[in-house]
Each structure stands twice: as structure tokens, then as C-alpha cells.
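S.K.: Provided below are the primary sequence and the corresponding predicted coordinates.
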2 protein chains.
Amino acid sequence: MPENKDSEEWQRLRSEPGPSLKIFNVRFDHMRNPRNGKTERMTVLESPDAANVVARNQEGQILFVRQYRFGIGRYTLELPGGMVEPGEPQEAAVRRELREETGVVSDRWTYLGKIPSNPVFQDSYIYHWLAEDVRLGEAPQLDDGEEIFLEWLSPETVEAKLRAGHFEHPHTVNALLLYFNRAS
Amino acid sequence: MPENKDSEEWQRLRSEPGPSLKIFNVRFDHMRNPRNGKTERMTVLESPDAANVVARNQEGQILFVRQYRFGIGRYTLELPGGMVEPGEPQEAAVRRELREETGVVSDRWTYLGKIPSNPVFQDSYIYHWLAEDVRLGEAPQLDDGEEIFLEWLSPETVEAKLRAGHFEHPHTVNALLLYFNRAS
């Protein structure tokens, strides 16, 4: 691969800001293709990193949130999670998101891994965490634009749904894949 | 869940077009939250559906493409794929994408499943296909903005990379998960 040959790398000739989209800053990168020397304008959506959590209680059940997703216009079943705030350490962010979104707390946190949100056009990553022995702490603190229902599922149900392709969020799938591979 | 209670559903009060972003049409939906009656403006990125392919040759090797991804500014290893054109049937699209991007063709196609690209803010889905007994057909026909290197990996290598979380594209992960669960 061309990592060591500077002349064959993609070159960013210039970069310009695009319109603001509430959840994203848009950037246009003018990229020179090393294959043919041609320059194309590529869209990059800048946003903070995010994190999601496999939250397991003492009985082994895993916590899911059911919420309306505006992209597809339907309710989905997902792992809890959210965006990391500027300057906030990963582990603090994921503890805060779990507590605010579900009211659930834990003292046992383990990092599972990460993946680009979508490497094609997003600059952000999603970090996956495991929280064990979780318990109900306080009432959830939802944003005005959130409505969240909690569901606890057995690990057998979760693994069956994962293998059958029933989960409708790619980041939930990746976190569960890493969790079950770690556990097995 | 509120599917059967109209009064508790999220309501789209109005919708307005946003700026064009080359790969997306932006739409802003003003959504009324059934939990608190408040209205929030949500960003939806509209785009065509896409498809990717687990392409396996007669020796069992699986085809990957290494390409520069502008979102994260690095090369990734992914399954081949691309966007479905307007009015194009899924299977025709995936045959065309595989042929154009890699020069590889197949007569044995099987649908593996689908997942929302990102249900939070995208309206599109990614469809996963299996192509068996693939062979080199013709030279790839790349777009001006593409530069693609082919790599054939053994199924053992692919499964190990999948379980270790080495793949950096969530849609590649989901396709491989469905493929290996089908095969096992």
C-alpha cells in the first residue's frame, strides 16, 4: 500500500467550510487522486466522537433502548449511547450518557473497541464499552428531542437477534459482536 | 411500544429542504415529541440505497478493496460495493458495482440481508449480497474519484479480523457477520 510513498498519496489541495447541519459541520475537501491526477470535491461531515454501552445487570440481562429514529422514521432497538462532549474523557462520557439516557449506573467499566462511524464521509469514531453489574441509579434526564423506552433482554435473545440480523443500527451490531467475541 | 397508539406517535409537523451536499440531499424535519409535546428540528440526509458484496472465488478466498476514505483520511480494507442507481434493481446494481469496481463477475448471487446505513440521520439502507465462484471478467472501470487495490483473503483470515474488530467500516462488519452466520 502507498503509505510509504508520498508521491502516490491522496493530496488535500484545499478545504472549505460547508453549511452547518445542527449535528454536523460540513467540510469540502478538494482531493487529488494519485491514480489519475484529477481533483474531486469530497464531502466530510465533522462531528464529535460517540460511544455506546453493553450494560449488563447482575442477572446477565443486557439493557436496550427503544427510540424513534428520524432517519428511517421508525422505532429501533439499540444499545444506549451518545456523543462525547468537547474535552470530556471517553469513560466519563459513556458513564454520563448511560446515566442520563437510562438512569442506570455501574462501577465496572471495560473498553471493548472502536470503529469509524462511517469512514466514507464522517470523521468521527464510535467507542464501545462494557458496563457490568449495572443498577438503577436515578431518573433519566432526557433531552427535549428524546423519548426512550428501556428493555432488558437475556444474552441468548441478544445473540440470536445479532446473528439473525435483527438489529437496525450498525454501531449496535459492532459493539455486540465485540462483546460476544470477548465473552466466548 | 406506541405503534398502535396514534396519539403517542412522533408527528412530522413540517419538512423543509436543506443545502445540497453532493452525495446527500439534506432535509430538516420538524418533529413533535409525544413525550413532552415539544418540537425539534431534525436533520435527515437523503441518499440512494447502497449494496456491498461478499465475493468468494472457487478456492474460497474473499475479495476486499483497499481504498482511501475521505472521512477518516486513511486507507481501509472493505468489501466491494456502491450505490444503487435510481430505478435500478438491487441485484443488477450489485453486479454492476462489483464489475466496475473490481472487474470481477459471478453467476451465483444470494441475498444476505440489509441494515439502515445509519437510522439516526440517514434514510438509506445497505443491502448485503453473496457472490460465489467469482472470476476476473474485464478491467475495472473506476470513477475519477476512485483508486482501488484488490486483496484476496482466506475465510479464516477474514473471520479472525472480524472477531478482532479489525475492519473499519460498519457495513462491511454487518455483511461479514451475516455471511459467517449463514455459513456456520
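M.R.: Thanks, I have the structure now.

S.K.: Enumerate the beta-bridge partners assigned to the spatially most central residue of chain A.
M.R.: Chain A has residue A:126 as the residue nearest its centroid, 3.6 Å off, counting by C-alpha atoms, centre = their mean. Under the criterion DSSP bridges, residue A:126 forms beta bridges with residue A:50, residue A:115.

S.K.: And residue A:111, by the same measure?
M.R.: residue A:129.

S.K.: residues in contact with it?
M.R.: Residues near residue A:111 by C-beta atoms under 8 Å, 6 or more residues apart in numbering or on different chains: A:90-91, A:127-130. C-beta coordinates here come from the backbone N, C-alpha and C atoms, glycine included.

S.K.: Could you identify the buried members of those?
M.R.: By neighbour count, with 16 or more other C-beta atoms under 10 Å in any protein chain shown, the contacts of residue A:111 hold A:127-130 as buried.

S.K.: Show me how chain A divides into domains.
M.R.: A:2-46, A:50-183 (automatic domain parsing).

S.K.: where does chain A have low pLDDT?
M.R.: Along chain A, the parts satisfying pLDDT under 70 run over A:1-7, A:183-184.

S.K.: swap the cut-off to 50 and go again
M.R.: Scanning chain A for pLDDT under 50 picks out the ranges A:1-5.

S.K.: roughly how far apart are residue A:144 and chain B?
M.R.: In this view, residue A:144 and chain B are 5 Å apart by C-beta to the nearest C-beta, to the nearest Å.

S.K.: right, I mislabeled it, should have said residue A:15
M.R.: Taking C-beta to the nearest C-beta, one finds residue A:15 at 11 Å from chain B.

S.K.: Are stretch A:163-174 and chain B in contact anywhere?
M.R.: Yes: Stretch A:163-174 lies within reach of chain B by C-beta under 8 Å from any C-beta of the partner chain, at A:163-165, A:167-171, A:173-174.

S.K.: Dump those into TSV; add secondary structure and neighbour count as well.
M.R.: As requested, the residues of stretch A:163-174 next to chain B are exported to TSV (DSSP: H, G, I helix; E, B strand; the rest coil; neighbours: other C-beta atoms under 10 Å in any protein chain shown):
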residue	secondary structure	neighbour count
A:163	helix	17
A:164	helix	11
A:165	coil	19
A:167	coil	22
A:168	coil	19
A:169	coil	23
A:170	helix	24
A:171	helix	25
A:173	helix	25
A:174	helix	25
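
S.K.: For chain A, just list every one of the helices.
M.R.: A:90-102, A:155-164, A:170-183 (DSSP state H).

S.K.: Among those, show me which one is buried the most.
M.R.: Of all the helices of chain A, helix A:170-183 carries the top mean neighbour count, a mean of 22, counting by mean count of other C-beta atoms under 10 Å in any protein chain shown.

S.K.: thinking again about what came up before, so which of the domains of chain A is the most packed in?
M.R.: Ranked by mean neighbour count, those are led by domain A:50-183 with a mean of 18 (mean count of other C-beta under 10 Å).

S.K.: wait, residue A:149 sits on residue A:67?
M.R.: Yes: with contact defined as C-beta atoms under 8 Å, residue A:149 counts as touching residue A:67 (7.2 Å).

S.K.: what's near enough to touch residue A:145?
M.R.: Here residue A:145 is in contact with B:31, B:33, B:38, B:40, B:42 (C-beta under 8 Å, 6+ apart).

S.K.: oh sorry, the question was meant for residue A:74
M.R.: Residues in contact with residue A:74 (C-beta under 8 Å, 6+ apart) are A:68, B:119.

S.K.: who's it bridged to?
M.R.: So, taking DSSP bridges as the rule, residue A:74 has residue A:69 as bridge partners.

S.K.: For it, give its distance to residue B:125.
M.R.: 12 Å (C-beta to C-beta, to the nearest Å).

S.K.: now residue A:98
M.R.: In terms of C-beta to C-beta, residue A:98 sits 28 Å off from residue B:125.

S.K.: same thing with residue A:80?
M.R.: 23 Å.

S.K.: How about residue A:148?
M.R.: Residue A:148 is 24 Å from residue B:125, by C-beta to C-beta.

S.K.: Tell me if I'm right that residue A:144 and residue B:35 touch.
M.R.: No: counting by C-beta under 8 Å, residue A:144 does not reach residue B:35; the two are 9.0 Å apart.

S.K.: picking up where we left off before, list just the nearest of the contacts of residue A:111 to residue A:46.
M.R.: residue A:127 (17.2 Å; C-beta to C-beta).

S.K.: Now do the contacts for the closest one.
M.R.: A:49-52, A:84, A:90, A:94, A:111, A:113-114.

S.K.: Could you dump these into a markdown table and include distance to residue A:138?
M.R.: Below are the contacts of residue A:127 laid out as a markdown table (distance: C-beta to C-beta, whole Å):
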| residue | distance to residue A:138 |
| --- | --- |
| A:49 | 25 |
| A:50 | 23 |
| A:51 | 20 |
| A:52 | 20 |
| A:84 | 21 |
| A:90 | 22 |
| A:94 | 17 |
| A:111 | 25 |
| A:113 | 29 |
| A:114 | 28 |
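
S.K.: Tell me which two of the residues you listed sit farthest apart.
M.R.: By the measure C-beta to C-beta, the contacts of residue A:127 have their two most distant members at A:84 and A:113, which lie 15.6 Å apart.
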